[in-house]
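**Q** The following comprises the amino acid sequence and a computationally predicted model.
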Amino acid sequence: QVQLVESGGGLVQAGGSLRLSCAASGRTFSSYAMGWFRQAPGKEREFVAAIRRSGGSTAYADSVKGRFTISRDNAKNTVYLQMNSLKPEDTAVYYCAAAAEPWGDIYTSKYKYAYWGQGTQVTVSS
């Protein structure tokens, strides 16, 4: 079983930045693609960013492209989401996720992920 623990959320003004971290344990972290998703009140959980197991390939939702950066440090079993130029519409609970199977490519669908963290709240005020 894998455990994921997010941190780094909080309240920030529009235009500000936050860096989310997700610490993983319980599996060979470097073998699995990782992703970030978010869920706003009354909305479905949506894809934000994903990164391949080696960190060489990444993918982003159009809404965050150019503002958010996903990265990973396999030596620390940690994946990050650097969020810049934040907007009020970025307000949501952000979840870290690990792919269901190892050695795969990057995934944008939430159904490809089997392990989820508890989420961290990000609130952007206008």
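**A** Yep, it's here. Keep in mind the model is a prediction, meaning the values are calculated, not measured. Residues are numbered from 1 along each chain as shown.

**Q** quick one: which helix or strand includes the residue nearest the centre of the chain?
**A** For the chain, Trp36 is the residue whose C-alpha lies nearest the centre (C-alpha atoms, centre = their mean; 2.1 Å). Using DSSP states H and E, Trp36 sits within strand 34-39.

**Q** So which bits of that strand are buried?
**A** By neighbour count on 16 or more other C-beta atoms under 10 Å, the buried set for strand 34-39 is Met34, Gly35, Trp36, Phe37, Arg38. C-beta: built from backbone N, CA, C; applies to glycine.

**Q** List the contacts of that strand.
**A** Residues from elsewhere that reach strand 34-39, judged by C-beta atoms under 8 Å, 6 or more residues apart in numbering: 20, 22, 24, 45-51, 53, 70, 72, 79, 81, 90, 92-99, 106-108, 110, 113, 119, 122.

**Q** Run through the helices of this structure in chain order.
**A** With helices called from DSSP state H, the chain shows none.

**Q** so where's the chain uncertain?
**A** For the chain, residues meeting the criterion pLDDT under 70 lie at 27.
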